[in-house]
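[1] Here is my input, please return the structure:
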Amino acid sequence: MVTDTVRRDVAIAAPIERVWAALTEDKHVQEWFGEEAEIDLRPGGAIVFGWTAYGRNHGVVEAVEPPHRFSYWWARPSDTDPAPGNRTLVEFTLSEQDGGTLLRVVESGFSTLTEGKEQAVQDNTQGWQQELDELRAYLEA
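    Down below sits the predicted model:
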């Protein structure tokens, strides 16, 4: 049975407002999450993340609650629009902790994918490990 959720908690030595900006503003996101980012920061707004090696992933903003919660649906595979059967939900939850920020990332919905469920879990588990390490390095530099 495929797990439905990938989760990671990361302590970041940066104020919550800086972490929020790094998650939601194009100019910051493209510094740690691929080479391209376009975010229309409102529920229903479009998102595009681009990687030279993987193509462009399209998404739709689900929730925006500054500076504590941001979520979006995104499609798998690249270059497709999110729809039932090809999308997962990514949720960022931020809380202040020890003068910095605790960031929790939960990606869910893998069990609803119509194909490639196991590969998606594996890819995104490794992907979030790498990308969130890059986010922490970016913010703590």
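[2] can you pull the contacts of N124?
    Contacts for N124 were tallied using CB atoms under 8 Å, 6 or more residues apart in numbering; they are V6, T88, E107, F110. C-betas here are computed from N, CA, C, even on glycine.
[3] most surrounded residue in these?
    Scoring the contacts of N124 on neighbours with other CB atoms under 10 Å, the highest-scoring entry is T88 at 24 neighbours.
[4] Look up how far D40 lies from that residue.
    Look at T88 and D40: by CB to CB, to the nearest Å, they are 19 Å apart.
[5] D79 now?
    18 Å.
[6] same check, this time on T80
    Taken as CB to CB, the span from T80 to D40 is 18 Å.
[7] what does W73 give?
    13 Å.
[8] neighbour-wise, which of these two wins?
    Higher neighbour count among W73 and D40: W73, with 20 against 13, using other CB under 10 Å.
[9] Now the residue nearest the centre of the chain: closest residue in space, sequence neighbours ignored.
    By CA atoms, centre = their mean, the chain has its centre lying nearest to V90, at 5.3 Å. Spatial nearest neighbour of V90, chain neighbours left out: E107 (4.9 Å); criterion: CB to CB, 6 or more residues apart in numbering.
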